[in-house]
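Asker: Could you work out the structure for the sequence below:
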Amino acid sequence: MTKKPILAAKKAAVSKARTVSRSTASEFQTTTASAAQGDEIRFYRANEKPYGVFSNLFQRPVEFEGHTYATSEHAYQAGKAAKPAVRDWILSAPTPSLAAMAAHGLYVWDVVPNWADIKFDRMRAVLRAKFEQHPDLKALLISTGEARLVEAGTVNNAVNRLWGEVDGKGQNMLGVMLMELRSEYAKPAKNGKRAAPKASSASGDKAANRLRRKVVVM
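Answerer: Next comes the predicted model:
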C-alpha cells in the first residue's frame with residue numbers, strides 16, 4: 001500500500017465537498033415548516049434534499065482527532081481498524097459507501113477490541129464535529145424542531161436496523177443521536193455561552209443502554 005493514492009483520494013473528496021457546501025447553502029434556508037410541528041422526517045440517501053445531509057455519506061469534510069476526513073462516515077470508520085494499514089485501506093475507498101462496506105467486512109481480529117464499547121461515543125463525537133464545523137448543517141438540524149428523525153434504510157440487514165429503521169423496525173441510533181444533538185443546540189445559551197452537554201434524553205439512553213449489552217461489530 002502507498003500513501004500517495006490515499007492522499008490524492010482524500011484531497012479530491014474534500015475539494016468536491018467544499019464545492020457542494022457553497023452550492024447548497026441557500027437550499028437549506030427553504031426547509032418546510034412542517035418539521036417544527038413534530039412530524040417524522042425520514043432520510044437515507046445523501047443526495048436527497050434537503051435532509052440527505054443528515055446521512056453520514058453526505059460529502060462534507062470533517063476535522064476529527066487531528067485528521068481531515070472526506071465525510072463523517074470516514075471519520076467514524078477510521079476508529080474501527082486495529083492496524084494503521086487496514087485503516088488507510090478503508091479510507092482510500094473512493095466513496096463513503098464503499099468505505100463503510102469495507103469496514104463492515106473486516107474480520108474480528110482486524111477490529112479494535114473495544115469497538116462495541118466505544119462506537120456509539122465515537123459516532124456522537126463525529127456528529128458533533130460535523131455540525132459544529134458546518135453552520136448551515138447545524139441550522140438545518142435545528143430547523144427540524146421536534147420532528148422525529150429516522151434513517152430509513154431500504155435493505156433489511158443488521159447494520160440498517162441498528163443505525164436506522166427498515167419498514168418501521170430498528171433501533172434508529174443515528175436518528176436518536178441527531179435528536180440528542182438537536183436538543184442540546186435548542187437549549188437557550190447562558191451568558192453568551194452554550195450550555196454544557198448533559199445526559200441524553202430518556203428514550204436515547206434507553207436505546208443506547210440496550211444496545212451496549214449486545215456485542216456487535218458494525
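
Asker: Would you mind pulling up the elements that the strand or helix carrying residue 102 packs against?
Answerer: According to DSSP states H and E, residue 102 maps onto helix 96-104. Applying 3 or more Cβ pairs under 8 Å, 6 or more residues apart in numbering; DSSP states H and E, we find helix 96-104 packed against helix 72-77, helix 84-91. Heads up, the C-betas are built off the backbone N, CA and C, glycines and all.

Asker: Among those, show the one with the smallest mean pLDDT.
Answerer: Lowest mean pLDDT of those: helix 84-91, a mean of 91.

Asker: quick one: the helices in this protein?
Answerer: 3-24, 72-77, 84-91, 96-104, 115-133, 135-143, 158-163, 173-186, 202-212 (DSSP state H).

Asker: just to revisit the earlier point, I'd like the helices and strands packed on helix 96-104 written out as CSV, with distance to residue 65 and mean neighbour count added.
Answerer: Formatted as CSV, the helices and strands packed on helix 96-104 follow (distance: least, Cβ to Cβ, whole Å; neighbours: other Cβ atoms under 10 Å):
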stretch, distance to residue 65, mean neighbour count
helix 72-77, 8, 26
helix 84-91, 12, 17
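
Asker: ok, residue 115 touching residue 80?
Answerer: Yes. Counting by Cβ atoms under 8 Å, residue 115 does reach residue 80; the two are 5.8 Å apart.

Asker: The two: which has the busier surroundings?
Answerer: residue 80 (22 against 19; other Cβ atoms under 10 Å).
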